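Chemist: Okay, here's the prediction I keep looking at, along with the sequence it came from:
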There are 2 protein chains.
Amino acid sequence: VGDTLPDIVDAIKSLCIRNKILITTGGLGPTDDDLTRKALADAAGVELVMSDKAAEMVKERFKQINYPMAEKNLVQALIPKGSDVLYNPMGTAPGIHVQISGCDCYSFPGVPREMKPMLHQHVLSHLKNENYICIKEMKLWGFGESNIGSTLSDLMVRDRNPDVGTRVDDSVITVRVNVSAATSEEAEALAENDCKEIYSRLGQYIFGEGKDSLASAAINLLKNKNKTIATAESCTGGLLGKLITDISGSSAVFREGFITYCNEAKQKHLGVPEKLFAEHGAVSEPVARAMAEGVMQKTGADYGIGITGIAGPDGGTEQKPAGRVHIAVCSKEKTLHEEKNFASDRDGNRVRAANHALGMLIRMLKD
Amino acid sequence: VGDTLPDIVDAIKSLCIRNKILITTGGLGPTDDDLTRKALADAAGVELVMSDKAAEMVKERFKQINYPMAEKNLVQALIPKGSDVLYNPMGTAPGIHVQISGCDCYSFPGVPREMKPMLHQHVLSHLKNENYICIKEMKLWGFGESNIGSTLSDLMVRDRNPDVGTRVDDSVITVRVNVSAATSEEAEALAENDCKEIYSRLGQYIFGEGKDSLASAAINLLKNKNKTIATAESCTGGLLGKLITDISGSSAVFREGFITYCNEAKQKHLGVPEKLFAEHGAVSEPVARAMAEGVMQKTGADYGIGITGIAGPDGGTEQKPAGRVHIAVCSKEKTLHEEKNFASDRDGNRVRAANHALGMLIRMLKD
């Protein structure tokens, strides 16, 4: 919707006539270009009033973050007359609930981190399904998306219930089983059936379900074995550590890592022999292996990961193009190595390299 | 648009009648739920044919990433009869250009990394503006969003040209100046005028423009001074290193970093005195200072950053709630320290901590 008051009012009005629930996001900030409050009031045909409850929430939030509140922020406590204030646990802007033309309008902040918990608490958790829907997701790594299509083609035919679909994010494949049925039991049973079938065909590649990531799956496997991992990163520059520590509780298995962006740091902290750089170059199998084994030995961790590559866009050569990455994962017993050409942009090469390392670690842990 | 053939065909047809250009994203993959090719052909009233040119592109891409191509992937070379194939430099799915009801339809893959360069190359770079539009963005750090509203309120009034707006992403504020004018010179001049005014009011907080990030701005300042930075991360777990090495060419100023997630690693690698943990706890000003100074000394870098905090959601106490972070930035001459309560979720606390460290570094470098 265009960022002008008439456009927003029009959109709210016309959508309210045709729908039972309307959700708006954004435009609840304290500045003059935040128009949602006024648009809601205009669409509802009421005036904006100061809500004491909302004002209290705004003040409380500023106290929580120890930040002086500008007077201006109190405009965030204005709501259409007769509407309800919705608590925002993550930010200063309260949400608003108001009925317009018999439609329940919920206005949430646009910041996804603030919007998502509010959407869940105030809307999604109250929805009653006429048709029960069950969604299961399986996460795969190490299998090509196009091969998945052939492997699951009988389940992926159009208009089948369950509806089975796939998507790929940076080399992680998600297979989604979406069932609609009259009862929750029937939906669960149909979904379970498909999941079993998919496991029987692709189980060795499945590392998790639902919200699992490669990092969370690797951390769970490490926790179950009571083992630790240490990381040595060159081209990913901390991204692998970031993905691991994204997971709350990762400190049980991840105690330290090295970002060795230059060769001297690889030598000094990981003990990579100097001659490997001259003989093979920094982006090579021997250096990746020495990084993984070096970080495992230096830190006393049970497993080590070494990543060295050319993130791009610069730094590539004909022999070693941008996107070339060497990844090594080691335990006390053995070291796995893979050479990859991700041929993506800087961001893609780095995410895929870190994901690939986690995938290799999972494979080793499952062995 | 719902993921069924009739829905997609309907949407394409009705949008083509009302518009000059239609852009679709997604649904160009090799699996049975990728319906865009067929929908385009149906909407155009033609059949799908195999394009030799597109087949060549698909094969070439698989060769580039050293990956065996499944036969299935050749469906990505099917295009509506009479349409053009568009090269995809980042993935296997070629794009498609076809005319429907006098409307130019461009179909791109849904993966943003693949879609964006294609959108730019095949569509945006060919658009001619009837009205010249000039957009300038200034990036600020260290100033509250609500205060910006008061400071720029005269420029942010509705329906003004230039249109001035603000947005906030994890404590970085972007002020956008959007001008529409009959000639490019006029638009540039109007934008320049507003930018000057904004600089005169907020210059000390402005660290960059357009696509600049805190990391890129910090790296440029370091490059200009021929100085290096080293990082010591606890709660951010590699994220700060990731943000720095997101920037191509960061190796000139960033040579190494330590992810010291546990106290022993902080002692061993950074020389943080053991007694600080007992006296102040790991999340404290003295530990943050010792981490920054320790990593600077151990690596020989010119500047050091130390971050220690409680990322959450677990691990907080009444005295030290989740979101409490201590950040220290040091040079040979001095150490700056700040204590923050970000009061966000794990991801938000971590991003803001890393951004805050970069903001403090920029402030020190500008001094």
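Modeler: Okay, I see it.
Chemist: With just CA atoms, put stretch A:52-59 into CSV.
Modeler: Extracted in CSV, the C-alpha atoms of stretch A:52-59 (Å, rounded to 0.1, in the frame of the first residue of the first chain):
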residue,chain,number,x,y,z
ASP,A,52,-3.3,5.6,29.3
LYS,A,53,-2.7,1.9,29.0
ALA,A,54,-0.7,2.3,25.9
ALA,A,55,1.2,5.3,27.3
GLU,A,56,2.2,3.2,30.3
MET,A,57,3.5,0.5,27.9
VAL,A,58,5.6,2.9,26.0
LYS,A,59,7.1,4.5,29.1
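Chemist: anything in that stretch near chain B?
Modeler: No: Stretch A:52-59 lies out of reach of chain B by C-beta under 8 Å from any C-beta of the partner chain, never closer than 9.9 Å. C-beta coordinates here come from the backbone N, C-alpha and C atoms, glycine included.
Chemist: quick one: contacts of that stretch?
Modeler: With contacts defined as C-beta atoms under 8 Å, 6 or more residues apart in numbering or on different chains, stretch A:52-59 is touched by A:69, A:73-74, A:76-79, A:85, A:87-88, A:92-94.
Chemist: where do the helices sit along chain A?
Modeler: Using DSSP state H, the helices assigned to chain A run over residues A:5-18, A:36-44, A:52-64, A:112-122, A:145-151, A:184-202, A:214-225, A:239-245, A:263-270, A:274-280, A:285-299, A:346-366.
Chemist: buried residues in the last one?
Modeler: The reference is to helix A:346-366. A:346, A:348-365 (16 or more other C-beta atoms under 10 Å in any protein chain shown).
Chemist: and chain B, which of those residues reach it?
Modeler: For chain B, the contacts drawn from these by C-beta under 8 Å from any C-beta are A:346, A:348, A:350.
Chemist: pretty sure the first one contacts residue B:246?
Modeler: Yes: counting by C-beta atoms under 8 Å, residue A:346 does reach residue B:246; the two are 7.3 Å apart.
Chemist: Now do the shared contacts for these two.
Modeler: Listed as contacting both residue A:346 and residue B:246 by C-beta under 8 Å, 6+ apart is no residue at all.
Chemist: circling back to that earlier point, of the contacts of stretch A:52-59 - the most surrounded one?
Modeler: Among those, the one with the most neighbours (other C-beta atoms under 10 Å in any protein chain shown) is residue A:93, at 31 neighbours.
Chemist: what about residue A:135, how many neighbours?
Modeler: Residues within reach of residue A:135, counting by other C-beta under 10 Å, total 14.
Chemist: burial measure for the spatially closest residue to residue A:91 that is not a sequence neighbour, as a count.
Modeler: Spatially, and ignoring its direct neighbours in sequence, residue A:91 is nearest to residue A:114 (4.2 Å; C-beta to C-beta, 6 or more residues apart in numbering or on different chains). Around residue A:114 there are 23 other residues, counting by other C-beta under 10 Å.
Chemist: What of residue A:133?
Modeler: 12.
Chemist: Just to check, it is in contact with residue A:176?
Modeler: No: if you go by C-beta under 8 Å, residue A:133 and residue A:176 don't touch, sitting 11.9 Å apart.
Chemist: The worst-scoring helix or strand of chain A on mean pLDDT vs chain B: in contact?
Modeler: In chain A, the helix or strand scored least confidently by mean pLDDT, DSSP states H and E is helix A:145-151, which has a mean of 83. Yes: Helix A:145-151 is in contact with chain B by C-beta under 8 Å from any C-beta, via A:145, A:146, A:147, A:148, A:149, A:150.
Chemist: How about stretch A:39-47?
Modeler: No: Stretch A:39-47 stays clear of chain B (C-beta under 8 Å from any C-beta), getting no nearer than 12.1 Å.
Chemist: Next, the buried residues of that stretch.
Modeler: A:39, A:40, A:41, A:42, A:43, A:44, A:46.
Chemist: Can you tell me how far the third one is from residue A:105?
Modeler: Which is residue A:41. 11 Å (C-beta to C-beta, to the nearest Å).
Chemist: Same question for residue A:83.
Modeler: Distance from residue A:83 to residue A:105, by C-beta to C-beta: 8 Å.
Chemist: again, but for residue A:138
Modeler: From residue A:138 to residue A:105 the distance is 36 Å (C-beta to C-beta).
Chemist: how many other residues sit next to residue A:154?
Modeler: Residue A:154: 10 neighbours (other C-beta under 10 Å).
Chemist: which ones are touching residue A:166?
Modeler: Applying C-beta under 8 Å, 6+ apart, the residues near residue A:166 are A:145, A:148, A:149, A:152, A:156, A:173, A:174, A:175, A:176, B:31, B:33.
Chemist: Return the closest of the residues you listed with respect to residue B:263.
Modeler: Proximity of the contacts of residue A:166 to residue B:263 (C-beta to C-beta) peaks at residue A:174, which lies at 37.5 Å.
Chemist: beta partners of that closest one?
Modeler: residue A:139, residue A:167 (DSSP bridges).
Chemist: what's it in contact with, if anything?
Modeler: A:137, A:138, A:139, A:140, A:166, A:167, A:168.
Chemist: Redo these as CSV? Include pLDDT.
Modeler: CSV is the format used below for the contacts of residue A:174 (pLDDT from 0 to 100):
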residue, pLDDT
A:137, 97
A:138, 97
A:139, 97
A:140, 97
A:166, 91
A:167, 88
A:168, 86
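Chemist: Quick check: residues of the stretch 151-300 of chain A near chain B?
Modeler: Contacts of the stretch 151-300 of chain A with chain B, taken as C-beta under 8 Å from any C-beta, map to A:153, A:156-159, A:165-166, A:168, A:231, A:233, A:235-242, A:244-246, A:248-251, A:254-262, A:264-265, A:269, A:299.
Chemist: Please indicate which of those residues are buried?
Modeler: Among those, the ones that count as buried by 16+ other C-beta under 10 Å are A:156, A:165-166, A:168, A:231, A:233, A:235-242, A:244-246, A:248, A:250-251, A:254-262, A:264-265, A:269, A:299.
Chemist: ok, so of the contacts of residue A:174, who is nearest chain B?
Modeler: Of all the contacts of residue A:174, chain B sits closest to residue A:166, with 5.7 Å by C-beta to the nearest C-beta.
Chemist: From residue B:2, how far out is that closest one?
Modeler: As for residue A:166, its distance to residue B:2 is 18 Å (criterion: C-beta to C-beta).
Chemist: what subset of the contacts of stretch A:52-59 is also close to chain B?
Modeler: Applying C-beta under 8 Å from any C-beta to the contacts of stretch A:52-59, those adjacent to chain B are A:69, A:73.
Chemist: Among the contacts of stretch A:52-59, which lie within strands?
Modeler: Among these, the members found in strands (DSSP state E) are A:78, A:79, A:85.
Chemist: measure the spatially closest residue to the last one that is not a sequence neighbour to residue B:30 for me?
Modeler: Going back to what we said before, that points to residue A:85. Excluding the flanking residues, the one nearest residue A:85 by C-beta to C-beta, 6+ apart is residue A:54, at 4.4 Å. Distance of residue A:54 to residue B:30, given as C-beta to C-beta: 51 Å.
Chemist: Repeat that for residue A:240.
Modeler: Counting by C-beta to C-beta, the gap from residue A:240 to residue B:30 is 30 Å.
Chemist: Could you do residue A:209 as well?
Modeler: 24 Å.
Chemist: If anything else comes up later, I'll come back, but that's it for now.
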